[in-house]
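Chemist: I need the structure of the sequence given here:
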Amino acid sequence: MAKVAREMVEKSGINIDQLLELLVNNAAAELTTYYYYTILRCNLIGLEGEGVKEIAEVARVEDRNHFEAIVPRIYELEGKLPDDMKAFHDKSACPPASLPKDPTDIKAMLKVLVEAERCAVRGYTNICNLTAGKDHRTYDLAQAILNEEVEHESWFSEFLGEGPSGHFMRRGETSPFVSKFLK
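Modeler: Next up, the predicted model:
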């Protein structure tokens, strides 16, 4: 374990237990979102659904990558994931991105997707605010994830007609900000 990593974070004045709780809860949100987005993506059918499917798939894969990137930091700080998957699910920082009652209602589906991304944006902004200038590694990780979550939100928001965001769908590249943590 990276004993000095935890020591330096504690010396910076960060409440390490609070930070670890936030990291674990956000890791749970990423893994559960990956799961729920799998279900949502499978139900994006028809003319309207097919137009959203590729973007939902990119967000789904990137959420898995976010989970993979957060876990090492949790353990570096001498934290751990819960032993029980149900308990882990229930610790999620965000509510489940469950399939709407009418899975053919693409607008309802988009609302589920955009709200999941907005929750993630709030969560990583909170971690960035907590770690800025104090825990450079966690801040860098949270900021990288935040950049991707903002893009996800903008994509779904545009489909809902909430206005232009200036963000464009990426081609051939997933997790451009987080990829450095996955090597």
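Chemist: got the contact list for the least confident helix or strand in the chain by mean pLDDT?
Modeler: The weakest-scoring helix or strand in the chain, judged by mean pLDDT, DSSP states H and E, is helix 3-11 (a mean of 91). Residues outside helix 3-11 that contact it (CB atoms under 8 Å, 6 or more residues apart in numbering): I16, L19, E76, L77, E78, K134, D135, R137, T138. Placement of C-beta: from N, CA and C, glycine included.
Chemist: mind running it again at 10 Å?
Modeler: 2, 14-17, 19-20, 73, 75-79, 131, 134-138 (CB atoms under 10 Å, 6 or more residues apart in numbering).
Chemist: can you check stretch 158-174 too?
Modeler: Contacts of stretch 158-174 (CB under 10 Å, 6+ apart): 48, 51-52, 54-62, 64-65, 106-107, 109-111, 113-114, 148, 150-157, 176, 179, 182.
Chemist: the longest helix in this protein is where?
Modeler: helix 46-76 (DSSP state H).
Chemist: related to what we said a few turns ago, show the buried residues in the contacts of stretch 158-174.
Modeler: Using 16 or more other CB atoms under 10 Å as the burial test, the contacts of stretch 158-174 include 48, 52, 55-56, 58-60, 62, 64-65, 106, 109-110, 113-114, 148, 150-157 as buried.
Chemist: Tell me the secondary structure at A29.
Modeler: The local conformation at A29, judged by DSSP: H, G, I helix; E, B strand; the rest coil, is helix.
Chemist: ok, it touching D90?
Modeler: No: with contact defined as CB atoms under 10 Å, A29 does not reach D90; the gap is 11.3 Å.
Chemist: Compare the two (neighbour count), which wins?
Modeler: A29 (27 against 12; other CB atoms under 10 Å).
Chemist: between A29 and D90, what contacts are shared?
Modeler: P96.
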